[in-house]
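Participant: Sequence and computational prediction follow.
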Amino acid sequence: MRAVLFANGHLPHPLAARRRLLPDDLILCADGGSRHALALGLRPHLVIGDLDSLAIADRAHLDRLGCTIEQHPADKDATDLELALHAARRLGADEVLLLAALGGRLDQALANLLLLAGPQFADLRLSLADGEQTAWVVRDRLSVTGRPGDTVSTLALSPQVEGLTYHGGLRWPLHDFTLPFGSSRGVSNEMTAAIAPISLRRGVLLVIHIPAHLFPEIPL
């Protein structure tokens, strides 16, 4: 089962987010992320957090919809998003798509991104969408689907990513490559086919797909 989790960041392209939703998605909201779900006309299955960023009007709206709200104390050891990811697993999700995880406070945006690489969520298939841009946390393999000319970037989220191999579909190949954390070697590759399979032997990799029409003026 897939869960779609609305975080409390920015959602600059709500229509693009709407197009990603499937009828049987489990809709979860981390605290103030509820406003994005409500704006899209969704009825969240669960809202979780300390509720310090949940507007009064949105709380009333959620109550009218009969949504389940799980409130945690403000003095806690995890962010609302981390609580929501644990809740996704508890409710049976094996895949989570994060929306509105970026923008706003820089510390929250970085924490949201790095949280996905944590070993506590290694059993979940995690991805993040920002408009038409998509990022996946990959621990074994992934096939990126797009169009020739699209950008694909890879970033290490662990000290090293070992055995990184591009199995075709990208302009600049890699084979059994070790990508260290902090390296820009994997940034701004170009798709040459509709599918670009990527695999790794060990580590945690962030794979980002950017359609070519979004930034046509930026050289590769």
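Facilitator: Nice, thanks for sending it over.

Participant: centroid residue for this protein?
Facilitator: The centroid of the chain falls nearest to Leu128 when counting by C-alpha atoms, centre = their mean (1.7 Å).

Participant: Counting by contacts, list what the host helix or strand of that one packs against.
Facilitator: Leu128 belongs to strand 125-130 when assigned by DSSP states H and E. On a contact count with 3 or more C-beta pairs under 8 Å, 6 or more residues apart in numbering; DSSP states H and E, strand 125-130 meets helix 14-20, strand 95-99, strand 133-138. (Each C-beta comes from the backbone N, C-alpha and C, glycine too.)

Participant: before we move on, back to that, need the contact list for the residue nearest to the centre of the chain.
Facilitator: By C-beta atoms under 8 Å, 6 or more residues apart in numbering, the contact list for Leu128 reads 97-99, 101-102, 113, 116, 134-136.

Participant: Now do the SS call for the residue at the greatest distance from the centre of the chain.
Facilitator: Note on the chain: the largest C-alpha distance from the chain mean falls to Arg64, namely 29.1 Å (C-alpha atoms, centre = their mean). At Arg64 the chain is in helix, as set by DSSP: H, G, I helix; E, B strand; the rest coil.

Participant: Relative to Phe215, how far out is it?
Facilitator: 41 Å (C-beta to C-beta, to the nearest Å).

Participant: How much space separates Gly103 from Val161?
Facilitator: Taking C-beta to C-beta, one finds Gly103 at 27 Å from Val161.

Participant: When these two are compared, which one has more neighbours?
Facilitator: Using other C-beta atoms under 10 Å as the criterion, Gly103 and Val161 rank with Val161 on top: 26 against 15.

Participant: Grab the nearest non-local neighbour of the more buried one.
Facilitator: Gly203 (3.7 Å; C-beta to C-beta, 6 or more residues apart in numbering).

Participant: Look up phi and psi at that neighbour.
Facilitator: Phi and psi for Gly203, reported as degrees, to the nearest 10, are phi 110, psi -170.

Participant: can you pull the contacts of it?
Facilitator: With C-beta under 8 Å, 6+ apart, Gly203 has these contacts: 139, 156-162, 179.

Participant: go with 7 Å
Facilitator: Applying C-beta atoms under 7 Å, 6 or more residues apart in numbering to Gly203 gives the contacts 156, 158, 160-162.

Participant: same thing with Pro14?
Facilitator: 39-40.

Participant: follow-up on the earlier one: same question for the strand holding Leu128, mean pLDDT?
Facilitator: Mean pLDDT, computed over strand 125-130, is 94.

Participant: Repeat that for stretch 16-34.
Facilitator: Across stretch 16-34, the per-residue pLDDT values average to 95.

Participant: what distance separates the start and the end of it?
Facilitator: One end of stretch 16-34 to the other measures 17 Å (C-alpha to C-alpha, to the nearest Å).

Participant: For that stretch, buried residues please.
Facilitator: Buried residues in stretch 16-34, counted by 16 or more other C-beta atoms under 10 Å: 17, 21, 25-34.
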